[in-house]
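Visitor: Return atomic coordinates for the entry below.
(2 chains)
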Amino acid sequence: MTKNKATASLDFIRKVVKKDNETGKYDNRVQTRFPPEPNGYLHIGHAKAICLDFDIAEENNGKCNLRFDDTNPLKEEQEYLDSIKRDVSWLGYKWDKLCFASDYFEQLYEYAIQLIQKGKAYVDSLSEEEIREYRGTVTEAGKPSPYRARSIEENLKLFKKMKNGEFEEGEHVLRAKIDMSSPNMKMRDPLIYRIRYAEHYRTGDEWCIYPMYDFTHCLSDSIEQITHSLCTLEFENNRELYDWFLDELEVYHPQQIEFARLNINYTILSKRKLAKLVKDGYVEGWDDPRMPTLSGLRRRGYTPEAIKSFIGKIGVAKKESIVDFALLEHCIRDDLNTRAPRKMGVLEPLKVVITNYPEDKTEELEAVNNPEDPSAGKRKVPFSREIYIERSDFMEDPPKKFWRLGPGREVRLRWAYFIKCHDFVKDEAGNIKEIHCTYDPATKGGSAPDGRKVKATLHWVSVPHAKNVEVHLYDRLFNTIDPYDVEEGEDFTSNLNPDSLKVLENCTVEPSLEDAKPGYICQFERKGYFCVDTEDSTPGNPVFNRIVPLRDQWKRIQKRQEHERRMKKQQQRKKNKK
RNA sequence: UGGGAUGUAGUCUAAAGGCAGGACAGUGGAUUCUGGUUCCACCGGUGAAGGUUCGAUUCCUUCCAUCCCAGCCA
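Guide: Sure, this is the predicted structure:
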């Protein structure tokens, strides 16, 4: 592992850190921080930032703080704070210090006063709208506020009054005095403090003025002696301001480095948009198993290992990119393949009667728990005259390349016997109701002494021993590769996939699963990986979430066959027209 | 049309003047008591045009495309 890290090429941020260590820029110290605002739940995009911040610190014997950037009392809540701590811990990271920007309010206030005293900040009394007008546009310079020339003494007096609650919200703000004609909009006298008579979830009503992000963030970094302040690309324009505050106040100066945020196709990674899905009831909550939130992925059955492996594979760069969802699926399959015990579960049961098997007989057959892991051992699975198989594993009139059961065909029942279909029964509507087979007693365990082969192996569950369970099949939350690609007048919710959740109530699983505990993960052989839901399950009645289906060659062949059939029809139609 | 950034296979990411490499996806094959896994092979790329150079993904010029900035959000 260490060897790999030494030889593997580093991403551009790790290169900077390495160079800084070589030149002794920060005395070989590496201190990072993960700085979320507690205004929503973390999603997998945050996992990228978390892994970067914590891993880079650890790789360099440094530390990483968890810091809540909680300067906006209108949006922040204790619930979000708790969820963020839970999610970071779940990923397996231990923060050094737990910090809050709100713990720095007093110090920040002092810094603001210093800035005023230096003549680098002033109280502006323009209205919100006027400030916007005076700011100019990206192509036109702004103009100075008439209050820009206030004396230091007046600014000091006014700012203290702001703090003491002597003004209404919006009456005054504190602004940095920089350059109203700067080509960088962020430098046109940015706001430092605004008045808010709102209850802060941590400081209550102690303050009625709250510092803005640009002022707070760089100084928080400075206070915590951060060396490398990693953030996403949209803050590139803010870096000039970040540096300005620290230089003007002549304090310890970390460096901000920006990287591209994570995007994944078929999903949205925006706290605000995800909040809308929750608030408007499109999903059950922040932890709905279809959500790309860490809590949603956790409930779905994704492991921290899979998520970290995914983050490792996507790399770190400045290019904005959209990662294929298939890569995430690959990572969870790859992780679970080696660890998840195999079980048999029939999602859409079809009864099979084995006509030559004694009616009152039951056998306990030995099944391997995980072919990838011999140490997982074996278990006994009950077998009897009547079993369930998957409805899709039988076809009355099998097409080409369908290897499974059909009239006159022989297949293997996993860990059991070869069975051969000799009859089937239909109901009045013409649906297959049950099928009749004979078994070959000589094939017990799954192989024939005469060496004959079968093309297919089916999973099954013994009818009298079957445990009835509910299964939730999840599909992608959005139908379109880019959920934001919408018709005019519509928003991303119009791209929601109406079939993202399919509830199957009559599934049947082997009896060993009856007491499966919430969070338990296994593979239903030939179907996929499943996780016992932590919310909807009750003791003795587990509800299974499908984490991800297994790769399915037959499904692909089916799709191709369908496609070919359609093309043929089209050609026929063209010929007929001619 | 101001400023800041970014362009390498379908997708993500390496190579920092010297054989464009890896992963995912896709395709074909081998193995297999999971149409899973594993293994092998194939597929396919430097945004464009000039220039410097023996040699350019890399340096220079011009162009093109995309993203970010006009919250009292972060």
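
Visitor: So which elements touch the strand or helix carrying A:E106?
Guide: A:E106 belongs to helix A:105-117 when assigned by DSSP states H and E. Secondary-structure packing of helix A:105-117 (3 or more C-beta pairs under 8 Å, 6 or more residues apart in numbering; DSSP states H and E): strand A:121-124, helix A:152-163, strand A:173-176, strand A:191-195, strand A:209-211, helix A:213-223, helix A:239-249. Any C-beta I mention is one placed from the backbone N, CA and C, and that applies to glycine too.

Visitor: deepest of these, which one?
Guide: strand A:121-124 (a mean of 26; mean count of other C-beta atoms under 10 Å).

Visitor: How about residues contacting that strand?
Guide: Here strand A:121-124 makes contact (C-beta atoms under 8 Å, 6 or more residues apart in numbering) with A:112, A:115-116, A:131, A:145, A:147-148, A:150, A:154-155, A:158-159, A:162, A:172-177, A:189, A:192.

Visitor: Ok, stretch A:127-139 next?
Guide: Residues from elsewhere that reach stretch A:127-139, judged by C-beta under 8 Å, 6+ apart: A:124, A:126, A:142-145, A:170, A:173, A:180-181, A:185, A:188, A:191.

Visitor: Relative to A:L405, which of the helices and strands packed on helix A:105-117 is closest?
Guide: With respect to A:L405, and counting by C-beta to C-beta, the nearest of these is helix A:213-223 at 62.9 Å.

Visitor: next one: the closest one to chain centre, how far?
Guide: Averaging C-alpha positions (C-alpha atoms, centre = their mean, to the nearest Å) puts helix A:213-223 28 Å from its chain's average.

Visitor: same question, stretch A:136-146
Guide: So, by C-alpha atoms, centre = their mean, the centroid of stretch A:136-146 is 41 Å from its chain's centroid.

Visitor: Repeat that for stretch A:334-354.
Guide: On C-alpha atoms, centre = their mean, the centre of stretch A:334-354 falls 26 Å from the chain's centre.

Visitor: Alpha carbons of that stretch, as PDB, please.
Guide: Extracted in PDB, the C-alpha atoms of stretch A:334-354 (Å, rounded to 0.1, in the frame of the first residue of the first chain):
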ATOM      1  CA  ASP A 334     -16.700  -5.100  -6.100                       C
ATOM      2  CA  ASP A 335     -16.800  -4.600  -2.400                       C
ATOM      3  CA  LEU A 336     -19.800  -6.800  -1.600                       C
ATOM      4  CA  ASN A 337     -18.700  -9.600  -3.900                       C
ATOM      5  CA  THR A 338     -16.000 -10.600  -1.500                       C
ATOM      6  CA  ARG A 339     -17.900 -10.000   1.700                       C
ATOM      7  CA  ALA A 340     -21.600 -10.500   1.200                       C
ATOM      8  CA  PRO A 341     -23.000 -14.000   2.200                       C
ATOM      9  CA  ARG A 342     -25.100 -15.700  -0.500                       C
ATOM     10  CA  LYS A 343     -28.700 -16.400   0.200                       C
ATOM     11  CA  MET A 344     -31.600 -17.600  -1.900                       C
ATOM     12  CA  GLY A 345     -34.500 -15.300  -2.400                       C
ATOM     13  CA  VAL A 346     -37.300 -15.500  -5.000                       C
ATOM     14  CA  LEU A 347     -38.600 -12.100  -5.900                       C
ATOM     15  CA  GLU A 348     -41.500 -13.200  -8.100                       C
ATOM     16  CA  PRO A 349     -42.400 -16.700  -7.000                       C
ATOM     17  CA  LEU A 350     -43.700 -19.500  -9.400                       C
ATOM     18  CA  LYS A 351     -44.600 -22.700  -7.700                       C
ATOM     19  CA  VAL A 352     -42.900 -25.900  -8.900                       C
ATOM     20  CA  VAL A 353     -44.200 -29.300  -7.900                       C
ATOM     21  CA  ILE A 354     -41.700 -32.100  -8.000                       C
END
